[in-house]
Every structure is written in C-alpha cells, then in structure tokens.
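A.B. asks: starting from these lines, generate the structure:
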Amino acid sequence: MTEPSHTQHLSVEDFDPAASSLSGAVDPAVMAELLSIRSSIDNFDATLVYLLAERFKATQRVGILKAEHQLPAADPNREKAQIHRLRALAESANLDPAFAEKFLNFIISEVIHHHQAISESHSAVAATGVIPVVSRDGQGFVAQTDDGGTQSK
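C.D. replies: Below is the predicted model of the structure:
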C-alpha cells in the first residue's frame, strides 16, 4: 500500500467504497456481503479519525497551557495511569490490551511531540510578546499579540 503525498489534497469524495482486488473473482452475493461489512468498517474508521481530531484539539490546548506555565511536555504518572486505565477498558471490551497499549503509546508519543513543539514555539516568541494560541478551527496556531490582536502562523 502506498502512502498518499502530504502535498496532495485528499478528498473523501475520491474514496471508492467498492474498491477491491476481489471484484469479478468472487460470487456476487459474497461480494455484496463483504462490501456491506466493509461499509460499517469505513464508518468506524471515519468516526475514529474525527475522534482523534477532537482529542488532538484538546491536547493542543493542554500543550499551550503547559507552555504558558513552563510545565514539562510529558507527565509520566498521568501516562502510566492512562495506560493502566486503557488496558482495563480494553479487557472489558474484549480487545487485546497489548494492542490498546501500543495504540495509546503511539498517541502519547505524538502528543508529547506536539507539546514539545508548542513549548519551543512559545519560548521562541515569548521575547517578542507574541503568544501562540490554537486557531478557531483547531488546525493550527494564530499569534496573539499583547494588544489582543491576532495574526496567522
């Protein structure tokens, strides 16, 4: 599977839900059932993406708060508690706890990376009086000046 280019604009409309290497090689009734199940999987995937987007919007706000108060990007006790909690949730949901832990560890490492970048950005602009804040759409930062004005970053 090839990775899409980050410079290329991706569109949900470009997705073909019937794309399959099995088309024409499988009984049409089996293919129809397969596509039906895959449609549910596609809905789950979309939900996961939107949930992750909301989660990262919240963690960006945490990163800004930490940067403003010169707190460390990582919080090992919180991370350990979250992993323990997620493993318990996974067990109760009949999901492999090791998989859930790997997934959360990946998210945590991304969050810490973002928090470090926010902290570095905050430190770099603190001397100029420009403070990075999350944009209204949560997709980036705007610089807030001492007089309350904003400029895009």
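A.B. asks: check the gap between the residue of the chain positioned farthest from its centre and V111 for me.
C.D. replies: Distance from the C-alpha centroid of the chain, by CA atoms, centre = their mean, peaks at D27 (38.1 Å). From D27 across to V111, the span is 46 Å (CB to CB, to the nearest Å). Bear in mind the C-beta positions are built from the backbone N, C-alpha and C, glycine included.
A.B. asks: what of D16?
C.D. replies: Where V111 is concerned, D16 sits at a distance of 33 Å (CB to CB).
A.B. asks: more crowded one of these two?
C.D. replies: V111 (20 against 6; other CB atoms under 10 Å).
A.B. asks: report how many residues lie close to the nearest residue to the more buried one once chain neighbours are set aside.
C.D. replies: Of all residues not flanking V111 in the chain, T59 sits nearest, at 4.7 Å (CB to CB, 6 or more residues apart in numbering). If you count neighbours by other CB under 10 Å, T59 ends up with 18.
A.B. asks: for this structure, what spans make up the strands?
C.D. replies: For the chain, the strands defined by DSSP state E cover 131-134, 141-144, 150-152.
A.B. asks: rank these by pLDDT, which is bottom?
C.D. replies: By mean pLDDT, the lowest-scoring of the strands of the chain turns out to be strand 150-152, with a mean of 51.
A.B. asks: in the chain, spot the helix with the most residues.
C.D. replies: In the chain, assigned by DSSP state H, the helix with the most residues is helix 28-68.
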